[in-house]
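In: build me a model from this:
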Amino acid sequence: MVGVKREIDRLTASNMFDLCGVVAVVTGGGTGIGLMMSSTLMANGATVYIIGPKQADLDQTTELYNGAAEKTNRPGRMYGLEGDISRKSEALRLAEEVGKREKHVTVLFNNAGILVGATERPSEPTAEAFRSAFFDAVEEKHFDDSIRTNSVGPYWLTFAFLPLLEKWKEHEGSSRQFVPQVIMTSSMNGWTKDAATGGMSFPYIYSKSAIGHATASLAHELLPLGIRVNGIAPGFFVTEMTAPGTKNAVGQSQLPPGRSINFEIPTTQLAEPGEQPSVGGTNRDMGSLVLFLVSNWFVNGETVLIDGGTLLKHPSSF
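Out: Model (predicted):
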């Protein structure tokens, strides 16, 4: 009977998802999907370092969430580090900064990304119209910046943080139950055949295709170290990227009334009585997936699609 009680206790959500002792690094962790990740990790006890381009913005976010954690006696905390994740030198510096404060890192979320070079579909089926839409309107810089930030940056960061991830093997305590891991944010648009689901940005779609493939390749390469690599492929979530200027007081975004998207999401979120259903995924949807990946030992080299069934309606190769 004692053994059964112990097993039941071990399998409760409060024990499986207790992240006290976990140290997480989340690039782009102060806004959008990154904030959904970092706030979930912190809410469940983790120490979280969020990386972004402006220290002042990061400080505002960390003060807000740490203040709420203190008032509710939650142990998790969030700290901001300014950095340019597209640069090799910055990846090394950021790893060194975290290493000055922590003995190890449990999980690195390569989440930061940009969407540039968006265009409109041609108004008529002529070669001139297609060239105008997809060639003239797109700059070389759009591809350079997208690939550097969305695809190459996660490569530099993964290897820069490897020593801190490997130090998990030397660590004793509660975080020992979590295997070190790198988690990539790709996108459903790494597999879509319909550019409408990717904001009509081929630079974005190309870059997300690259990081989707890199997830499995790096997982294979890092097997000897015992460090896992998995991915998250989000569909439409309301963020500053997908709906600029809609961020609220707690850093989350909400789609304004009357705003719509130009592709179909077959899964509709449930709503409270008197409220409109939300369009796309929520922080609860993303947060529950984050908890699953961090706590599970047995998933490696996989990318989890979380798109509300969008790619069931639009042509894709996922």
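In: hmm, which helix or strand of the protein has the shakiest average pLDDT?
Out: Each helix and strand of the chain was given a mean pLDDT (mean pLDDT, DSSP states H and E); the minimum falls on helix 2-10 at a mean of 79.
In: just the C-alphas of that one, formatted as CSV.
Out: The C-alpha trace of helix 2-10 is given here as CSV (Å, rounded to 0.1, in the frame of the first residue of the first chain):
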residue,chain,number,x,y,z
VAL,A,2,2.8,2.4,0.8
GLY,A,3,4.4,1.8,-2.6
VAL,A,4,1.1,2.6,-4.4
LYS,A,5,0.6,5.8,-2.4
ARG,A,6,4.2,6.8,-3.3
GLU,A,7,3.5,6.2,-7.0
ILE,A,8,0.2,8.1,-6.9
ASP,A,9,1.9,11.0,-5.3
ARG,A,10,4.8,10.9,-7.8
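In: next helix or strand past it?
Out: Downstream of helix 2-10, the next assigned helix or strand under DSSP states H and E is helix 13-16.
In: list the contacts of the helix or strand that that following helix is followed by.
Out: Following helix 13-16 in sequence order, the next helix or strand is strand 23-27 (DSSP H and E). Applying Cβ atoms under 8 Å, 6 or more residues apart in numbering, the set of residues contacting strand 23-27 from outside is 34, 37-38, 41, 46-52, 85, 94, 98, 102, 104-112, 153-154, 157, 161, 175, 294. C-beta here means a position set from N, CA and C on the backbone, and glycine is covered the same way.
In: out of those, which are buried?
Out: Buried residues within those, defined by neighbour count using 16 or more other Cβ atoms under 10 Å: 34, 37-38, 41, 46-52, 85, 94, 98, 102, 104-112, 153-154, 157, 161, 175, 294.
In: keep only those of those that are in helices.
Out: G34, M37, S38, L41, L94, V98, G153, P154, L157, V294 (DSSP state H).
In: could I get these as TSV with pLDDT and distance to S186?
Out: Shown next, in TSV, are those (pLDDT from 0 to 100; distance: Cβ to Cβ, whole Å):
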residue	pLDDT	distance to S186
G34	96	14
M37	97	14
S38	97	18
L41	98	19
L94	98	21
V98	98	23
G153	97	13
P154	98	10
L157	98	15
V294	96	17
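In: closest one of those residues to I147?
Out: The closest of those to I147 turns out to be G153 (Cβ to Cβ; 9.3 Å).
In: format the ones in helices among the buried ones among the contacts of strand 23-27 as CSV; extra columns: distance to G3.
Out: Below are these laid out as CSV (distance: Cβ to Cβ, whole Å):
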residue, distance to G3
G34, 41
M37, 36
S38, 37
L41, 31
L94, 45
V98, 40
G153, 47
P154, 43
L157, 43
V294, 27
